[in-house]
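Colleague: Sequence and predicted model, in that order:
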Amino acid sequence: MRGLFVAPVAVLVALASPPVSGASASPTSRARGTTAAEATIALGGRTGIEGLWRRTLRLKFDRGGIPVSFTVCGVWGERPKLTATCRAAAGTRLPKGTRMRLEQHRTAGWKRVGQSPTPALTAVLSNDVSGNRYGTVFYRVTLRQRSGRVLRTSNPLKVVWHR
């Protein structure tokens, strides 16, 4: 009787335990995929195309017709760092079947602005992309499966357009 109880419990424990992730078929390969459970996405923005990455930008909106540009950088990894050139650490790859997606939120939910099949995403945006209006716009980068399921979300980037 005791043996009949132990077998189903062992099966339940085996089914409930998470599968081993990060296993590689080629142990000599230097490049490796980082699993969604191990890594994060860092997101930053800067005015123009040079300067320090920040989590908040305050930009002057000028209705004179000349776009005001800013750059965003999203990097995936175990300890991602926003480098001046917006590159992921050497050998870092996204998990198989995923993409990073840059999204913008103003009033009507998150909308895609760009995407990347690599662990670093850079985009030069302007007031035109954010609706040519005063106010606050938020950006984020998500790691998504092909089905659209979100596996990981970056910190938010806040862009304030003022007079």
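Modeller: All right, it came through fine.
Colleague: Point out where the protein drops to low pLDDT.
Modeller: Along the chain, segments meeting pLDDT under 70 span 1-37, 63, 65.
Colleague: Please repeat the previous calculation with a cut-off of 80.
Modeller: Within the chain, the stretches with pLDDT under 80 are 1-38, 62-66, 106-107, 130-131.
Colleague: contacting residues around the spatially most central residue of it?
Modeller: By CA atoms, centre = their mean, the chain has its centre lying nearest to V141, at 3.4 Å. V141 sits next to I41, L43, G74, M100, R101, L102, E103, L121, T153, S154 when contact means CB atoms under 8 Å, 6 or more residues apart in numbering. All C-beta atoms are positioned from the backbone trio N, CA, C, and that covers glycine.
Colleague: With respect to D62, which of the residues you listed is nearest?
Modeller: L102 (24.2 Å; CB to CB).
Colleague: Which helix or strand contains the closest one?
Modeller: Taking DSSP states H and E as the criterion, L102 maps to strand 98-105.
Colleague: Pull up the pairing partners for that strand, direction included.
Modeller: Strand pairing for strand 98-105, determined by DSSP bridges: strand 110-116 (antiparallel), strand 135-145 (antiparallel).
Colleague: which residue packs closest to the residue nearest to the centre of the chain, ignoring adjacent ones?
Modeller: Leaving aside its chain neighbours, V141 sits nearest to G74 (3.5 Å; criterion: CB to CB, 6 or more residues apart in numbering).
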